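have a look at this prediction, sequence included:
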Protein chains: 2
Amino acid sequence: MRFGIDVVATDGQARTGWVDTPRGRYRTPVFMPVGTRGAVRAIGTDDLESLGVEIVLGNTYHLMLRPGADLIAGRGGLGRFMDWGGHTLTDSGGYQVFSLEPKVTDEGARFKSTYDGDVHHLTPESAVDIQARIGADIQMVLDVCPPLPSERPVIESAVDRTSRWAERGRAAFVAGSEERLERGLDQAQFGIVQGGLAVDLRERSARALTSLGFDGYAVGGLSVGESRVEMVDVLGPTLAHLPADQPRYLMGVGDPAGLVEAIGLGIDMFDCVLPTRFARHGMVLTSEGRINLRNARFAADDGPLDPGFAASPANRYSRAYLRHLVNVDEATAARALTLHNLAFTLDLIDRARSAIESGTFETLRAEILDVWG
Amino acid sequence: MRFGIDVVATDGQARTGWVDTPRGRYRTPVFMPVGTRGAVRAIGTDDLESLGVEIVLGNTYHLMLRPGADLIAGRGGLGRFMDWGGHTLTDSGGYQVFSLEPKVTDEGARFKSTYDGDVHHLTPESAVDIQARIGADIQMVLDVCPPLPSERPVIESAVDRTSRWAERGRAAFVAGSEERLERGLDQAQFGIVQGGLAVDLRERSARALTSLGFDGYAVGGLSVGESRVEMVDVLGPTLAHLPADQPRYLMGVGDPAGLVEAIGLGIDMFDCVLPTRFARHGMVLTSEGRINLRNARFAADDGPLDPGFAASPANRYSRAYLRHLVNVDEATAARALTLHNLAFTLDLIDRARSAIESGTFETLRAEILDVWG
């Protein structure tokens, strides 16, 4: 099925609504916590539920190696495996694989597992097949994502290979539809637009991808070294070339300023490790900006983690207590701060939805940029 | 105040009831999870509440070094610091300090902090003072706990030094009562009986300790290398010398067989790291005995963690999922298995209380020893 987006309200380019799926629907804009290895680090499925998370991202690279796509398929797919009733999305595995500096040809990428050194291949077709076995609601096409800054020829070649891979990936996905439906899996596939900071290459990539008829479109290759201004400058023109009636997903962005900027340009979906990774290092997102709990000034601070965010799931604990737990490396601190940072991020998204509905998004954006910009 | 025990029912030597305290009361027999550094490893205060934990043990050794007794005192004491409304007990710190092979004289022990190498002293008096600052409901007197087996002269000398230290510790505790009450802390102090496996030395130690009028009595120096039969053989005669109207606490025992054996002899309180430490290594207490989730036979096991324990807080997850999380070292596996192993242990204690009330404790004991003996 095609993942239509049901836009309920717009405010400038910003929009809020629902994505209808075979599983049900999820609200947009939406933030997807990263469940790297079948769990969002430091927290459980019960925690995802109590946070009100609607969709979780799984990393194909990790899951294909441990516990393996077939094992997950045998357990009924990623959602059943995690006992998670919400939506799921898997990335293509390409992003992690490329970080291993694999041997890349037009055929695909050949890499060594970081778990045991075994050699694996990732091709546009195998990425589709592996993600079909992992069985998330949404799978991503294999793309080529160069770091920034990169020379124009590098970006251009990535765009063109991404287009060729997208064509093969889409064909493999369409060819597998019947087999997937037979085993009860009505999966969607999103394309990924590349092009670095070059508006013309972004347009070329968007045209190539949209011609293939994906169920949604991601903007990849951002949040990989550029400034926020550079990101915003290329994101707007890119979105103009993506269909308005399908979900638009900005990969790898999850800082408060990046979220409001991208929502303001019309992005519907986000994933990012920032809130959860920060949490594991004692870094806390608060109404007044980022704080590092390891700082000595919190040693005797009996106040709550974020006095400006009364709904924080960690507010029952004082900063002094959480700082102590961070300092002695207690795992429960990682959980408490992960719950807080995710709740903070989800609350920001909630506020963005409300602001779009009431036509006050610009005020919220300015308020957030004032603290985080 | 004196911590009287209100015995509701007995079955042979086994007994169940309540310990009345200035904070309220807790049921006995009771199992105290170990909150080493102000948190039970891998879980939060919310988890302790949902498990129905009634009393938590804190390790004075760790807390005095990180975050420090004065910092905890400034936060209102250990319970307030953790936002934990239940009971708390601190050990004397001696057990951990002796494991560092400190310089020990009759005065006390001189040791280097494992955190930063700083030199600290632990004496009967400073153990009282530090625990008064940490501010648990119950503090333990400083004792000398030799490993087993040890030569009789070693045990005998430990008994005698334990008696001398208990006298000093009790005097320091009594001298500090007024100061503690002035700052709202109505603390109890338990003595610790030593004596290894020698019944006559246990009797000598018990007589010396009980003459000092502690608020409760622990049996220390067991679960330190001896067999369960040896433990049981010395525990019975030891308990005969402890007052029946005060709580009796067996330190360091928490395996299912050890629990039912000791409850059968009249023990009221237990602490042990076994359920929580096992959990962090993928070892699970189940109705059919201990399982190691890392075992390959669980890789595709879609069944719950313990089909015989429907109330397990981890039963929503399959063994296959939890095994995967253990294998990739996800912190949430440690939490799920810690919740399970504690729930299993607390449930066993619950069943023991019910069995004592209904006069069927011997049946429960036989059933548990059949699986765990």
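Done, it's in.

where exactly do the strands run in the stretch 251-373 of chain A?
Counting by DSSP state E, counting those that start in this stretch, the segments of the stretch 251-373 of chain A that form strands are A:269-271, A:283-286, A:289-292.

what residues are up against residue A:93?
By CB atoms under 8 Å, 6 or more residues apart in numbering or on different chains, the residues touching residue A:93 are A:59-61, A:64, A:122, A:127, A:130, A:142. The way it works is simple: take the backbone N, C-alpha and C, and place the C-beta from them, glycine included.

give the contact list for the most centrally placed residue in chain A.
Centroid check for chain A by CA atoms, centre = their mean gives residue A:271 as the closest residue, at 1.9 Å. Going by CB under 8 Å, 6+ apart, residue A:271 touches A:31-34, A:57, A:89, A:249, A:251-252, A:254.

turn those residues into a markdown table, columns for distance to chain B, pLDDT and neighbour count.
As requested, those are arranged in a markdown table below (distance: CB to the nearest CB, whole Å; pLDDT from 0 to 100; neighbours: other CB atoms under 10 Å in any protein chain shown):
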| residue | distance to chain B | pLDDT | neighbour count |
| --- | --- | --- | --- |
| A:31 | 19 | 98 | 23 |
| A:32 | 18 | 98 | 25 |
| A:33 | 13 | 98 | 26 |
| A:34 | 13 | 98 | 21 |
| A:57 | 16 | 98 | 26 |
| A:89 | 19 | 98 | 24 |
| A:249 | 25 | 98 | 26 |
| A:251 | 23 | 98 | 25 |
| A:252 | 22 | 97 | 21 |
| A:254 | 20 | 98 | 28 |
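
out of the residues you listed, who's nearest residue B:18?
residue A:33 (44.0 Å; CB to CB).

wait, that closest one touches residue A:59, no?
No. Here residue A:33 lies out of contact with residue A:59, judged by CB atoms under 8 Å, at a distance of 12.0 Å.

picking that back up, do you know the pLDDT at the residue nearest to the centre of chain A?
On the pLDDT scale, residue A:271 is placed at 98.

and the residue of chain A most remote from its centre, how far from chain B?
Largest separation from the mean C-alpha position in chain A: residue A:300, at 36.3 Å (CA atoms, centre = their mean). With distances taken as CB to the nearest CB, to the nearest Å, residue A:300 is found 6 Å from chain B.

quick check: pLDDT value at that residue.
98.

buried stuff in the longest helix belonging to chain A?
Ordering each helix of chain A by length in residues (DSSP state H) puts helix A:331-357 first. Buried residues in helix A:331-357, counted by 16 or more other CB atoms under 10 Å in any protein chain shown: A:331-349, A:351-353, A:355-356.

which one of the strands of the stretch 251-373 of chain A lies closest to residue A:83?
Of these, nearest to residue A:83 by CB to CB is strand A:269-271, at 20.9 Å.

how about the contacts made by residue A:79?
With CB under 8 Å, 6+ apart, residue A:79 has these contacts: A:85-86, A:88, A:135-137.

closest to residue B:320 among the residues you listed?
Ranked by distance to residue B:320 (CB to CB), the contacts of residue A:79 are led by residue A:135 at 14.8 Å.

list the contacts of the closest residue to the closest one other than its chain neighbours.
By the measure of CB to CB, 6 or more residues apart in numbering or on different chains, the closest residue to residue A:135 outside its immediate chain neighbours is residue A:77, 2.8 Å from it. Contact analysis of residue A:77 by CB under 8 Å, 6+ apart lists A:134-136, A:185.

swap the cut-off to 7 Å and go again
A:134-135, A:185 (CB atoms under 7 Å, 6 or more residues apart in numbering or on different chains).

so how far is residue A:70 from it?
12 Å (CB to CB, to the nearest Å).

and the stretch 201-350 of chain A, which of its residues are near chain B?
Proximity of the stretch 201-350 of chain A to chain B, by CB under 7 Å from any CB of the partner chain, involves residues A:299-300, A:302, A:316-318, A:320-321, A:324-325, A:327-328, A:330-332, A:334-336.

if we use 8 Å, what do you get?
Counting by CB under 8 Å from any CB of the partner chain, the positions of the stretch 201-350 of chain A adjacent to chain B are A:299-300, A:302, A:316-318, A:320-321, A:324-325, A:327-328, A:330-336.

low-confidence ranges in chain A?
For chain A, the stretches flagged by pLDDT under 70 are A:1-2.

let me see the domain layout of it.
A:16-272, A:274-373 (automatic domain parsing).

residue B:293 is nearest to which of those domains?
Minimum separation from residue B:293 across the domains of chain A (CB to CB) falls at domain A:16-272, 12.6 Å.

between the two ends of that closest one, how far is it?
20 Å (CA to CA, to the nearest Å).

now find how far off-centre that domain is within its chain.
Centre-to-centre, domain A:16-272 and its host chain are 7 Å apart (CA atoms, centre = their mean, to the nearest Å).

correct me if wrong: residue A:243 contacts residue A:210.
Yes. Contact criterion CB under 8 Å: residue A:243 and residue A:210 qualify, at 6.3 Å.

shared neighbours of those two, which are they?
Taking CB under 8 Å, 6+ apart as the contact rule, residue A:243 and residue A:210 both touch residue A:217.

can you count the residues close to residue A:151?
Using other CB atoms under 10 Å in any protein chain shown, residue A:151 has 10 other residues around it.

cool, and the one 3 residues further on?
Here the count is done by other CB under 10 Å, and residue A:154 has 14 residues near it.

contacting residues around the nearest residue to it once chain neighbours are set aside?
Nearest residue to residue A:154, sequence neighbours excluded (CB to CB, 6+ apart): residue A:146, at 5.3 Å. Residues near residue A:146 by CB under 8 Å, 6+ apart: A:154-155, A:158, A:194, A:196, A:221, A:224.

likewise residue A:74?
For residue A:74, the contacting residues are residue B:300, by CB under 8 Å, 6+ apart.

and if you look at residue A:218?
With CB under 8 Å, 6+ apart, residue A:218 has these contacts: A:140, A:190-193, A:248-251, A:269.

what do you get for residue A:10?
Contacts of residue A:10 (CB under 8 Å, 6+ apart): A:16, A:356.

give the bridge partners for it, please.
Beta-bridge pairing of residue A:10 under DSSP bridges involves residue A:15.

adding distance to residue B:293, write the strands of the stretch 251-373 of chain A out as TSV.
Output for the strands of the stretch 251-373 of chain A, formatted as TSV (distance: least, CB to CB, whole Å):
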stretch	distance to residue B:293
strand A:269-271	29
strand A:283-286	32
strand A:289-292	35
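
nearest spatial neighbour of residue A:286, skipping sequence neighbours?
Residue A:286 sits nearest to residue A:306 (CB to CB, 6+ apart), 4.0 Å away.

show me where the stretch 101-250 of chain A has helices.
A:124-134, A:152-175, A:177-182, A:199-210, A:228-239 (DSSP state H, counting those that start in this stretch).

just name the most buried of the ones you listed.
Highest mean neighbour count among the helices of the stretch 101-250 of chain A (mean count of other CB atoms under 10 Å in any protein chain shown): helix A:124-134, with a mean of 24.

helices and strands around that one, which ones?
Where contact means 3 or more CB pairs under 8 Å, 6 or more residues apart in numbering or on different chains; DSSP states H and E, helix A:124-134 is packed against helix A:60-65, helix A:69-74, strand A:138-140, helix A:152-175.

which residues are contacting stretch A:172-180?
A:124-125, A:128-129, A:132, A:139, A:141, A:186-187, A:189.

which pair in those spans the largest distance?
A:124 and A:186 (21.2 Å).

so who does residue A:86 touch?
Applying CB under 8 Å, 6+ apart, the residues near residue A:86 are A:26, A:48-49, A:53-56, A:79.
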